[in-house]
Structure formats: structure tokens, C-alpha cells
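Peer 1: mind looking at a prediction? Sequence and model below.
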Amino acid sequence: MAITITIPTALRQYAGNNATVAFEAETVGALLQRLVEHYPNLGKHIFDGGKLRSFVNVYVGDEDIRYLQGEATPLKDGETVSIIPAIAGGR
């Protein structure tokens, strides 16, 4: 069951400069753990104290996991999960 994760440009340097990677996982939380196990330097940019950072948005397809089942959101083979950091600033 391969799930593709899209890595935002700002975080690619911590993920071997990959735009996408694929892992097997049944939930979003398990998928993110596998990602961080494979790319440990990415962990501090996604998690804070074991919890997903508030400015990191995760989508399964077009759905924000906050409106699904959070990290417990189940995944299906072939789905795409996107990590999208929130952008702040401006006037």
C-alpha cells in the first residue's frame, strides 16, 4: 500500500531534496512517522513535542486532516498526502 507524500520546497532540503517520497502506511500519523524515521532532520520542522506543529497543514487529497480524523485518518493505496506549511507575514 504505497502512499505518496509531497514535500514543500521549503522542507525538501531535509528530505534528500525530494519533491515526493512514498511509504506504506495505514494512517496519516503512521505515514508521517515513517517519513521522519527516514529523514530525521525533517522531524523538528513537522513535529513539536510529538505533536504536529500548528503551522503545518496536512492534506489527504484535497481534504485537510483537521476536518477528517487528524493523524488517525485512514489511507488508501495510491493516495497522495501533502504537507503544506502555513505562510504568514505581509502587511
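Peer 2: Here it is on my side, so go on.

Peer 1: can you show me the strands along the protein?
Peer 2: For the chain, the strands defined by DSSP state E cover 2-6, 20-24, 47-48, 51-52, 56-60, 63-64, 80-85.

Peer 1: now do the contacts for the residue nearest to Ile84 when sequence neighbours are not counted.
Peer 2: Sequence neighbours aside, Asn57 is the residue nearest to Ile84 in space, at 4.5 Å (criterion: C-beta to C-beta, 6 or more residues apart in numbering). In short, each C-beta sits where N, CA and C put it, glycine included. By C-beta atoms under 8 Å, 6 or more residues apart in numbering, the contact list for Asn57 reads Asp64, Arg66, Ile83, Ile84, Pro85, Ala86.

Peer 1: what sits against the second one?
Peer 2: Shown here is Arg66, whose contacts under the criterion C-beta under 8 Å, 6+ apart are Asn57.

Peer 1: pLDDT score for it?
Peer 2: With respect to pLDDT, Arg66 scores 94.

Peer 1: and what of Glu71?
Peer 2: Looking at Glu71, the pLDDT reads 95.

Peer 1: again, but for Asn18
Peer 2: 97.

Peer 1: what number of residues lie near it?
Peer 2: By the criterion of other C-beta atoms under 10 Å, Asn18 has 14 neighbours.

Peer 1: could you list the low-pLDDT ranges of this structure?
Peer 2: 1, 88-91 (pLDDT under 70).
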